[in-house]
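# Pasting a predicted model and its sequence here:
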Amino acid sequence: MIRVGRIRGKIIVILGLVILAGTLLFVWHGMMIMVVLSGSMTPLMLPGDVIIVRPTEPDNVRVGDVIVFQHPGQDDRTVITHRVTGIDTDTGQYSTRGDANDAPDPFSVSGEDIIGKPAFLIPFIGFASEMKRQVILLMVILPSLALAILETRTIMRETQTPRRSSRESPVPKGQVFAIHHARLILLFAATLAVFLLLALPSITGIQTCSPSIQDQHLTIEGRGLVPELYMVCTDEAGGIPAYGVVQPGETVSVPNAGTGPDRTVARAPYLLPAFWFVGLAGLNPYLPVLSLAILPGALLTLVLHPLWTKRKFVKSRRKRRLVERVLEN
């Protein structure tokens with residue numbers, strides 16, 4: 001049995017520390033919050049998505065990187081997020097293009113115009129586009145930190161206060177909950193099976209091929225019941241990634257000519273933001289689909305905790321003392 005109050009307090013403290021660490025990291029590295037307003041980077045970034053931009057030096061920009069820069073030819077200095085398609089080493093100018101655009105940008109970007117690179121993307125919060133940093137600080141971060149500090153003081157006070165005898169201070173009524181391990185295992189297995197079956201077509205569709213001059217294109221066929229994200233991964237660092245969305249039963253053709261290392265096609269159901277998918281696939285081609293097959297089931301199991309836990313109120317003084325000893329040990 002586990003005491004409800006202590007578990008809630010620890011969870012609040014952990015969340016508060018995570019928020020504090022994220023805030024300090026955000027401020028320390030001078031990161032900025034920006035909102036995607038156009039569809040020029042679809043499907044990597046959708047209108048209304050919020051991106052966290054990390055400042056970067058022009059020397060760290062490579063071909064294939066997505067950068068945030070100020071429009072060099074406008075007085076209002078419009079901010080644009082596009083991908084670098086070329087670098088002129090003589091002039092230090094960068095050629096850019098939106099992933100959803102058919103033509104490159106009709107201008108060149110200098111190192112002074114570069115603001116940074118997108119470090120993280122938060123989907124589905126486009127309604128907060130008018131929120132300022134001060135509003136986020138006052139409405140979210142500060143109350144969370146205050147609540148975490150209060151819970152920390154409460155926990156420390158309980159641990160530092162010596163226990164009194166049961167006669168002087170009877171053990172108060174406590175609320176605990178017991179875990180039904182059989183229900184927990186069964187529920188987790190059921191949720192895991194659902195998402196695993198959903199991701200199974202993508203897992204079996206991951207393929208590795210060797211580029212050749214004869215085979216000019218790589219064919220990718222949509223599987224399963226939902227659209228899929230795909231990305232051609234190689235061992236080479238840099239370069240413009242070949243990625244996109246394929247519908248069920250649809251076939252797309254990706255250039256595969258030339259010589260070089262083997263190429264693995266990473267796939268996953270289009271349930272993850274494409275920005276997350278591309279980042280995970282860059283680490284390992286199997287990471288996006290495995291994350292989608294396991295993590296949602298685990299989170300859903302935690303959300304459905306009333307199905308595998310049972311709350312108990314200890315009323316008997318003798319039982320309360322026994323529960324206190326068990327919990328303390």
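Nice, thanks for sending it over. Numbers count the residues shown, from 1 in each chain.

# contacting residues for T264?
206-208, 232-234, 285 (C-beta atoms under 8 Å, 6 or more residues apart in numbering). Quick note: C-beta positions are derived from backbone N, CA and C, even for glycine.

# Could you tell me which residues within stretch 44-61 count as buried?
44-46, 49-54, 56, 61 (16 or more other C-beta atoms under 10 Å).

# what's the first-to-last distance across it?
Length of stretch 44-61, first residue to last, C-alpha to C-alpha, to the nearest Å: 19 Å.

# phi, psi of the closest residue to M32 other than its chain neighbours?
Among residues not flanking M32 along the chain, V53 sits closest, at 4.6 Å (C-beta to C-beta, 6 or more residues apart in numbering). When quoted as degrees, to the nearest 10, the phi and psi of V53 stand at phi -100, psi 130.

# looking at the sheet around V53, what are its partners?
Judged by DSSP bridges, the bridge partners of V53 are M32, P118.

# Let me know the distance separating it from K117.
Plainly put, V53 is 7 Å away from K117 if you go by C-beta to C-beta, to the nearest Å.

# Give me the common contacts of these two.
By C-beta under 8 Å, 6+ apart, the residues touching both V53 and K117 are V68.

# So which of the contacts of T264 is surrounded by the most neighbours?
When neighbours are counted by other C-beta atoms under 10 Å, C233 leads the contacts of T264 with 24 neighbours.

# mind listing the helices for the chain?
With helices called from DSSP state H, the chain shows them at 4-28, 133-136, 142-160, 181-205, 274-283, 287-303, 317-328.

# quick one: low-confidence parts of the stretch 201-329 of the chain?
211-215, 235-238, 257-260, 311-329 (pLDDT under 70).

# tell me the average confidence for stretch 102-118?
What stretch 102-118 shows for mean pLDDT is 92.

# Just the CA trace of that stretch, in PDB.
Only the C-alpha atoms of stretch 102-118 are listed here, as PDB (Å, rounded to 0.1, in the frame of the first residue of the first chain):
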ATOM      1  CA  ASP A 102       8.700  24.300 -55.300                       C
ATOM      2  CA  ALA A 103      11.300  27.000 -55.800                       C
ATOM      3  CA  PRO A 104      14.200  28.300 -53.700                       C
ATOM      4  CA  ASP A 105      13.900  31.700 -51.900                       C
ATOM      5  CA  PRO A 106      14.700  34.600 -54.300                       C
ATOM      6  CA  PHE A 107      17.300  36.000 -52.000                       C
ATOM      7  CA  SER A 108      20.400  35.100 -50.100                       C
ATOM      8  CA  VAL A 109      20.800  35.100 -46.300                       C
ATOM      9  CA  SER A 110      23.900  36.500 -44.600                       C
ATOM     10  CA  GLY A 111      25.300  35.300 -41.300                       C
ATOM     11  CA  GLU A 112      24.100  38.500 -39.700                       C
ATOM     12  CA  ASP A 113      20.500  37.700 -40.500                       C
ATOM     13  CA  ILE A 114      20.600  34.200 -38.900                       C
ATOM     14  CA  ILE A 115      18.800  34.100 -35.500                       C
ATOM     15  CA  GLY A 116      19.200  30.500 -34.600                       C
ATOM     16  CA  LYS A 117      17.900  26.900 -35.100                       C
ATOM     17  CA  PRO A 118      14.700  25.300 -34.000                       C
END
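
# which other residues reach that stretch?
Stretch 102-118 is contacted by residues 31-32, 45, 51-56, 58, 61, 65-73, 79-82, 85, 88, 91-98, 275 when judged by C-beta under 8 Å, 6+ apart.

# one more time with 7 Å, if that's ok
51, 53-56, 58, 61, 65-70, 72-73, 79, 81-82, 85, 92-97 (C-beta atoms under 7 Å, 6 or more residues apart in numbering).

# For the residue nearest to M32, which residues are in contact?
Residues in contact with V53 (C-beta under 7 Å, 6+ apart) are 31-32, 34, 68, 115-119.

# cool, and C233?
263-264, 266, 281, 285.

# how about 10 Å then?
Residues counted as contacts of C233 (C-beta atoms under 10 Å, 6 or more residues apart in numbering) are 206, 208, 241-243, 261-266, 278, 281-286.

# Please name the bridge partners of it.
Assigned bridge partners for C233, using DSSP bridges, are T264.

# Equivalent analysis for the one 10 residues further on, please.
Under the criterion DSSP bridges, Y243 forms beta bridges with M231.
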